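# Model the following, please.
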Amino acid sequence: MSTTIEVAAYGGPDVLSIVDRDPGHPGPGEVLIRHAAIGLNFLDVYYRSGLYPVPDGLPLVLGSEGSGVVLEIGAGVSDLKPGERVAYTVPLGAYRAERVIAADRLVRVPDTIADDQAAAMMLKGMTAEYLLRRTFKVAPGQTVLYHAAAGGVGLMLGQWAKHLGATVIGTASSAEKIAIAKAHGFDHVINYRDDDFVGAVKDITGGALCDVVYDSVGKDTFPGSLDCLKPFGMFVSFGQSSGPLPPFNLALLSQKGSLYATRPSIYSYNAKREALVASAEALFDVVAKGVVSVDIYQRFDLKNVAQAHADLEARKTTGTSVLIP
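Numbers count the residues shown, from 1 in each chain. Down below sits the predicted model:
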């Protein structure tokens, strides 16, 4: 039997139940893995609360990234073997000690990367990868604005964007988080609780504004994010930690400078095996070279997952967090 965290009804952290389940044996094209660590993400809150619909309904096992070791392989799996270290991001189902998962969703973890780092970096680091290299290809001399700079994706994206030659502006909610963001690639960090971030961006850029805004906050930063963009700039909305964006007329994009807007998802960007592998290899490369550091600020026992969710929603966490089975 394997410790598993289930959601039987949508709601707050109290709906997370600890149960024992048989993980089963892998079928064709699948492997059984034992988790060493599991990533904690705000995405988990969206699914737990019911904000994001789940195709298979309830009960639900949360968690979109993890690392571990292969225990058993199913028929037709030829490129993995028991004992190998692996990691993944998506599909849902990581909140358990052991799980069966499709082999083509797994990548091998290099010896240079620890298990907890791998669990902490897959979803967040590969999100940073597709945002910077595929959604909007950041180039030297461009200016980037990233909201929630001290979050898990933000700390990785800040370092990576700086390496690509961009001027990187962030927003954060406290002096402590501002200091952490500045230590992770951000040239300027605005305290959005105390300052008007739109006015601050105009001051920082001398009125030139930004080429791209990466926004995972949602309601609280809209439409201000649009006002931070230069003509033909891109608004990238990839989360909604403060609530969903209100409906708006597309004419608003024209009025604010013929802007582009997109709502990307890692599910689409890494749907194909070759895209997944390329993204992971790019991420492993920048981490191995020291371009991007993966700093884990919080570790929670898997059985304390309700407290982990409460801290995450209360913005008590910084950077990356992992659950340890």
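# looking at the chain, which residue lies furthest from center?
What lies farthest from the middle of the chain is residue 75; by CA atoms, centre = their mean that is 32.0 Å.
# My guess is it contacts residue 28. True?
Yes - contact status for residue 75 versus residue 28: in contact at 4.5 Å, counting by CB atoms under 8 Å. Every C-beta, even on glycine, is put in place using the N, C-alpha and C of the backbone.
# hmm, back to that, what residues are up against the residue farthest from the centre of the chain?
Shown in contact with residue 75 (CB atoms under 8 Å, 6 or more residues apart in numbering): 27, 28, 29.
# And for residue 185?
By CB under 8 Å, 6+ apart, the neighbours of residue 185 are 155, 157, 158, 159, 160, 161, 162, 163, 168.
# Same question for residue 181.
149, 150, 154, 155, 158, 170, 172, 189.
# Phi and psi next, for the fourth one.
Okay, so that is residue 155. Phi and psi for residue 155, reported as degrees, to the nearest 10, are phi -70, psi -40.
# Excluding residues flanking it in the chain, which one is nearest it?
Leaving aside its sequence neighbours, residue 155 sits nearest to residue 184 (CB to CB, 6 or more residues apart in numbering; 4.3 Å).
# Touching, the one you found and residue 158? I think so.
Yes - the pair residue 184 and residue 158 qualifies as a contact (CB under 8 Å) at a distance of 4.8 Å.
# Tell me which of those two has more neighbours.
Between residue 184 and residue 158, residue 158 has the larger neighbour count (other CB atoms under 10 Å), namely 29 against 24.
# Just the element for that one, please.
Counting by DSSP states H and E, the element that carries residue 158 is helix 152-163.
# which secondary structure element contains the residue nearest to residue 155?
Counting by DSSP H and E, no helix or strand carries residue 184.
# And the pLDDT at it?
Residue 184 carries a pLDDT value of 97.
# domain assignment for the chain?
2-113+294-324, 124-266 (automatic domain parsing).
# between these, which gets nearest to residue 274?
domain 2-113+294-324 (10.4 Å; CB to CB).
# Tally up the residues packed near residue 58, please.
12.
# where do the contact lists of residue 184 and residue 158 overlap?
Contacts common to residue 184 and residue 158, judged by CB under 8 Å, 6+ apart, are residue 149.
# Am I right that residue 153 is in contact with residue 128?
Yes - contact status for residue 153 versus residue 128: in contact at 5.6 Å, counting by CB under 8 Å.
# that older thread, which helix or which strand is home to the residue farthest from the centre of the chain?
Counting by DSSP H and E, residue 75 is part of no helix or strand.
# Got the confidence number for it?
98.
# how far away is it from residue 22?
20 Å (CB to CB, to the nearest Å).
# Tell me which two in the contacts of residue 181 are the farthest apart.
Top of the distance list for the contacts of residue 181 (CB to CB): 155 and 189, 11.5 Å.
# circling back to that earlier point, residue 153 and residue 128: who's more crowded?
residue 128 (28 against 25).
# Just the element for the more buried one, please.
helix 115-130.
# can you check residue 72 too?
strand 65-73.
# I'd like to know how many residues surround residue 208.
Counted with other CB under 10 Å, residue 208 comes out at 12.
# Please apply the same query to residue 257.
14.
# what about it, is that helix, strand or coil?
coil (DSSP: H, G, I helix; E, B strand; the rest coil).
# Can you name the residues that contact the closest residue to it other than its chain neighbours?
Among residues not flanking residue 257 along the chain, residue 231 sits closest, at 3.7 Å (CB to CB, 6+ apart). Applying CB under 8 Å, 6+ apart to residue 231 gives the contacts 257, 258, 259.
# Before we move on, what's the pLDDT of the residue nearest to residue 77 when sequence neighbours are not counted?
In space, and not counting its chain neighbours, residue 77 is closest to residue 103: 4.7 Å by CB to CB, 6+ apart. At residue 103, the model reports a pLDDT of 98.
# ok, residue 103 - contacts?
By CB under 8 Å, 6+ apart, the neighbours of residue 103 are 29, 30, 31, 73, 74, 77, 79, 80.
# quick one: the nearest residue to the second one once chain neighbours are set aside from residue 211, how far?
Sequence neighbours aside, residue 74 is the residue nearest to residue 30 in space, at 4.3 Å (criterion: CB to CB, 6+ apart). Counting by CB to CB, the separation of residue 74 from residue 211 is 46 Å.
# The two: who's more crowded?
Between residue 74 and residue 211, residue 211 has the larger neighbour count (other CB under 10 Å), namely 20 against 16.
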